[in-house]
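A.B. asks: based on what follows, work out the 3D shape:
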Amino acid sequence: MSEQRWLVIRCPNCKQCFGHRSLTGRCPHCGQSLPHDTEVVCEVQSAAHLHIEVALANTPETLRASLRKRLEQNNRSFESTEELSPRALMAVLRKRADENGIIDKKTVLLALQQYDCEIPVDDLMERAESEGFALRLHDGNWQFFE
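C.D. replies: Numbering: from 1, shown residues only. Down below sits the predicted model:
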């Protein structure tokens, strides 16, 4: 899957921080347009880390260390129980397909095992077929639609 990039931005008008993918747009707190020289507090690679960094940036400095510890503990326990969404799983499988978009049962099984998904291969691929993501070529092989 592609890497996500999030910026933690401090609004020059209200001084509140928020997350955004780029330095364009408006502050969600006060509505002011963002100038080109808006302060980027930090850059993170996931929405979960964005949540932590925005919360910390909007917290008084004396409380940040304690809050960081608590937020990261919560985040670790959340990440350990987080499942791969069906959409993300289909994206993973598409990337594992060959240059013609064809994937076999063994490759699907290995992907499911890697992500600790307990759904049977045939059930998953039948769902992909019924939702128009893939076509069964013959037993144990499917082709993804573009």
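A.B. asks: what segments of this protein are helices?
C.D. replies: Listed in chain order, the helices found in the chain under DSSP state H are 47-57, 64-81, 86-96, 105-114, 121-130.
A.B. asks: tell me what the third one is packed against?
C.D. replies: Taking 3 or more CB pairs under 8 Å, 6 or more residues apart in numbering; DSSP states H and E as contact, the helices and strands that helix 86-96 lies on are helix 105-114, helix 121-130. No exception for glycine: its C-beta is placed from N, CA and C like everyone else's.
A.B. asks: do the fourth one as well
C.D. replies: Helices and strands touching helix 105-114, as assessed by 3+ CB pairs under 8 Å, 6+ apart, comprise helix 86-96, helix 121-130.
A.B. asks: what's in contact with that helix?
C.D. replies: Contact partners of helix 105-114, identified using CB atoms under 8 Å, 6 or more residues apart in numbering, comprise 89, 92-93, 96-97, 118-119, 121-122, 124-125, 140-142.
A.B. asks: let's see it at 6 Å
C.D. replies: Contact partners of helix 105-114, identified using CB atoms under 6 Å, 6 or more residues apart in numbering, comprise V92, L93, R96, V121, G140.
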